[in-house]
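A.B. asks: Show me how the following folds:
(one chain, ligands or ions: 1)
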Amino acid sequence: MMPTRQRARQLARPAVAEGRPPSYYFAMLRHTRALVSCLAAVTLAAITGPLRGQVRVASPDGRNEVTVDVREGKLYYSLARDDRALILPSLLGFEFRGAPPLRDGLRITDTTRQSYDEWWTQPWGEVARVHDHNNELAVSVEEMAAPNRRFTVRARAFDDGVGFRYEFPSQAGLGAFEITDELTEFALADNARAWWIPSNWPRKDRSEELYSSGPVSTLDSVQTPLTMETRDGRTFMVIHEANLVDYARMFLRGPRMEGRTLHAALAPLADGIKVRGRTPFVTPWRTIQLADRATDLAPSVLGLNLNPPNALASTDWIHPMKYVGIWWGMHIGTMTWSSGPKHGATTANAERYIDFAAANGFGGVLVEGWNVGWDGDWIANRNAFSFTQAYPDYDLAAVAAYARQKGVRLIMHNETSGGIENYERQMDSAFVLYRSLGLHAIKSGYVTDLTSAGDSHYSQYMVQHYRRVIELAARDSIMLDAHEPMHDTGERRTYPNMMSREGARGQEYNAWSGDGGNPPEHETILFFTRLLAGPMDFTPGIFDLLLERGTGRPRRPDEPRVRTTLAKQLALYVVIYSPLQMAADLPENYERQPAFQFIRDVAVDWDTTRVLDGRIGDYVAVARRVRGGETWFVGAITDEQGRTLDVPLSFLTPGRRYVAEIYADGPNAHWLTNPLPVTITRRTVTSATRLRLVLAPGGGQAIRIRPAG
Ligand code: NOJ
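C.D. replies: You can find the predicted model right below:
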């Protein structure tokens, strides 16, 4: 289909056309209903100045409907799917310091509508083409008494969910403001099951937590994306946010055993203020993704559609790639970031990694611990980091030149430890230096809970900081991979150099002793939660699963080790999407390993993604077709239960023959007792083939399917 852009007023849409599906007429009926209620509101306003009004907008398929309503001077929205309530009337509004709340005595003064129907192409992604198809309703609201403050709630209804945001026009009664609370509620109609990680401000507020699940009524304070399944299993819902630019990150405060209403909660600045601003001002979108099946949640594009289009003049310098790095050694204790006899970032070691990357077709090499500042307590000494000065045993210019000569991109590591002012002082000159050396990728780090001033590391201050980094990096053609990041709200659409981030417990937790690492179910939950926000630099590909250099002694469950089979490590390359995908193990652990061939082969940029099967927390199977090619990759993973999946290859082109290279859990494989065996087989397949994927407990399967001949 040709890309089209229709910004026609919804009310001016053609009436009934021939040959439309029933959903079309359903949608039109809803639009008519919306028109009627809109006219009613306007008429009422003209006659009485309404205390009450109700307006609706439905998705193009007519299934999802948002209602905005004023009751006794308070503004509410609600959400229904197939006429079934999902979100009951939920309050909208704000509290401020030094001004009365914007919550009471409101009336609707105007409503406008638009429709959007366009396709756009991602420079890289889980899918190449994205359909932005929605109906929009903007409801303007005003306080009936002085200071007569005004704002608009803009809602967009898509077939895969809805988003709404607040917009404050410039006005006499509201100039500079300090938000102390956003009053947005999500009053769930059903005591749905939620998969959640806690938000523990100010004790320890991190994304690197293990997931729990339970009824919404039991939630305390949780992070988004928050994925929920209604008790009857008919609907999956994900609450998150999009286009977080100049605001605080949103959490959800739960009902704590009373009711089912979640409240927006914003990460605070040091003085307790959540957001400082001045009109005109817009908030991020609050999003509620909807699907009939868990497998329909991914790939998630709702948030992308609510971000502005690409702002970069050129994206030619942006390259999805696999990379290796001087990294895992630090986490398992064979190398150090700091100077000394085990210093990992030496010139010779970096060149060894560059040779390995070049020999195996990897695009990048990450070097951590290259720069001065790691000696002593690097977390406490946050202002000691230099982002330009290398340790004496690391010749940055020579390594950069060697990488260039070998056709490999060096990934600069910028750990800040949350020393934001220190980083901001140096960012400009550091990025200019990197650019002058031909270095176009940075992995950043923000190991901290608070900024030096005591702001939450998810506060508005940090949101602004991350945005400055993205923009400055774009200036110098630098791709970004942020660890301990702000959560992903779709920035990559506007700035495709913002490629990947951590923002969940990654592989590194398996290297550390103490908390038992990631349990086998972990990634089967991540897929349906954190990964719906965007790509994750999980760093898969550990082959030395027992972490003891091949002695083969099974480790006790409480000893540090990776809690998957080796085949599952391979499958993670397909299941966990990232345009920057690491082969995380030491190069020597890949030597003479036939299974390494899969990591060499697997792609990192996709034309199409299909979730073939899955259940949150149990298993998932994903197929992805390579961008610009006919080769498919399939990845399937399971939790601690072994299971057999029946996977029809109906996604392949009919009538065509393909060769499937299958990397399966070997005989008696088991994540705890026998994680290493992988059986590699090859067979001819077509779109009529059904594959039986036998997954060991904690296991997985990875498959490359390429056209025969
Ligand atoms: C935590 C990051 O997740 C990890 O990848 C990095 O090695 C350390 N911080 C040091 O920056």
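A.B. asks: tell me the helices in the stretch 51-200 of the chain, going along the chain?
C.D. replies: Assigned by DSSP state H, counting those that start in this stretch, the helices in the stretch 51-200 of the chain number zero.
A.B. asks: By proximity to the ligand, which residue of it wins?
C.D. replies: Per CB to the nearest ligand atom, the residue of the stretch 51-200 of the chain with the smallest distance to the ligand is residue 197, at 16.1 Å. C-beta here means a position set from N, CA and C on the backbone, and glycine is covered the same way.
A.B. asks: Ramachandran angles for the closest residue to that residue other than its chain neighbours?
C.D. replies: Beyond its immediate neighbours in the sequence, the residue positioned closest to residue 197 (CB to CB, 6 or more residues apart in numbering) is residue 209, lying 4.0 Å away. Backbone torsions of residue 209, given as degrees, to the nearest 10, read phi -130, psi 160.
A.B. asks: Could you measure from residue 478 over to the ligand?
C.D. replies: Counting by CB to the nearest ligand atom, to the nearest Å, the gap between residue 478 and the ligand amounts to 18 Å.
A.B. asks: Get me the contact residues on this protein for the ligand.
C.D. replies: With the criterion set to CB under 6 Å from any ligand atom, the chain comes near the ligand through 327, 368, 415, 445, 447, 483, 502, 508.
A.B. asks: Map the structural domains onto the sequence of this protein.
C.D. replies: Taking automatic domain parsing as the criterion, the chain consists of the domains 1-48, 50-305, 321-593.
A.B. asks: What is the burial count for the residue of the stretch 251-400 of the chain at minimum distance from the ligand?
C.D. replies: Of the residues in the stretch 251-400 of the chain, the one nearest the ligand is residue 368, at a distance of 5.3 Å by CB to the nearest ligand atom. Neighbouring residues of residue 368 were enumerated by other CB atoms under 10 Å; the total is 24.
A.B. asks: what pLDDT does it get?
C.D. replies: Residue 368 is assigned a pLDDT of 98 by the prediction.
A.B. asks: show me what contacts it?
C.D. replies: If you count contacts by CB atoms under 8 Å, 6 or more residues apart in numbering, residue 368 has them with 325-327, 330, 337, 344-345, 413, 415, 443.
A.B. asks: could you say which helix or strand contains residue 430?
C.D. replies: Residue 430 is part of helix 420-436, with elements assigned from DSSP states H and E.
A.B. asks: Out of the residues of the chain next to the ligand, name the ones that lie in strands.
C.D. replies: Assignment to strands by DSSP state E places the following of those there: 415, 445.
A.B. asks: and the residues of the chain next to the ligand, which are buried?
C.D. replies: Of the members of those, the ones counted as buried by neighbours, 16 or more other CB atoms under 10 Å, are 327, 368, 415, 445, 483, 502, 508.
A.B. asks: before we move on, could you check phi and psi at the residue of the stretch 101-250 of the chain found nearest the ligand?
C.D. replies: Distance from the ligand to each residue of the stretch 101-250 of the chain (CB to the nearest ligand atom) is smallest for residue 208, at 8.1 Å. Reported as degrees, to the nearest 10, the phi and psi values for residue 208 are phi -90, psi 70.
A.B. asks: go on, the one 5 residues further on?
C.D. replies: Taking degrees, to the nearest 10, you get phi -140, psi 150 for the backbone angles of residue 213.
A.B. asks: Please report how far it lies from residue 196.
C.D. replies: From residue 213 over to residue 196 the distance is 7 Å, taken as CB to CB, to the nearest Å.
A.B. asks: For these two, indicate the residue with more neighbours.
C.D. replies: residue 196 (27 against 16).
A.B. asks: Surely the more buried one is in contact with residue 212?
C.D. replies: Yes - under the criterion of CB atoms under 8 Å, residue 196 lies in contact with residue 212, with a separation of 6.0 Å.
A.B. asks: just to revisit the earlier point, is it true that the residue of the stretch 51-200 of the chain closest to the ligand touches residue 220?
C.D. replies: No - between residue 197 and residue 220 there is no contact under CB under 8 Å: 11.4 Å.
A.B. asks: Show the residue spans covered by the helices in the chain.
C.D. replies: If you assign secondary structure with DSSP state H, the helices in the chain sit at 22-48, 302-305, 328-332, 347-360, 396-406, 420-436, 460-475, 491-494, 522-526, 566-575, 596-601.
A.B. asks: Just say which of these is most tucked in.
C.D. replies: When you average the neighbours per residue for each of those (mean count of other CB atoms under 10 Å), helix 566-575 leads with a mean of 28.
A.B. asks: And it, what does it pack against?
C.D. replies: Secondary structure elements in contact with helix 566-575, counted by 3 or more CB pairs under 8 Å, 6 or more residues apart in numbering; DSSP states H and E, are helix 596-601, strand 619-626, strand 632-638, strand 658-665, strand 678-685, strand 700-707.
A.B. asks: could you give the angle of that helix to strand 632-638?
C.D. replies: Taking axes from the mean of the first three to the mean of the last three CA atoms, to 10 degrees, one finds that helix 566-575 is oriented at 120 degrees with respect to strand 632-638.
A.B. asks: And helix 566-575, how far out from the chain middle?
C.D. replies: 19 Å (CA atoms, centre = their mean, to the nearest Å).
A.B. asks: Would you check how far apart residue 234 and residue 529 are?
C.D. replies: Using CB to CB, which is the criterion applied here, residue 234 is 20 Å from residue 529.
A.B. asks: who's more crowded, those two?
C.D. replies: When residue 234 and residue 529 are compared for neighbours, residue 529 comes out ahead with 25 against 14, by other CB under 10 Å.
A.B. asks: Closest residue of the stretch 501-650 of the chain to the ligand?
C.D. replies: Of the stretch 501-650 of the chain, the residue with the smallest distance to the ligand, taken as CB to the nearest ligand atom, is residue 502 at 5.2 Å.
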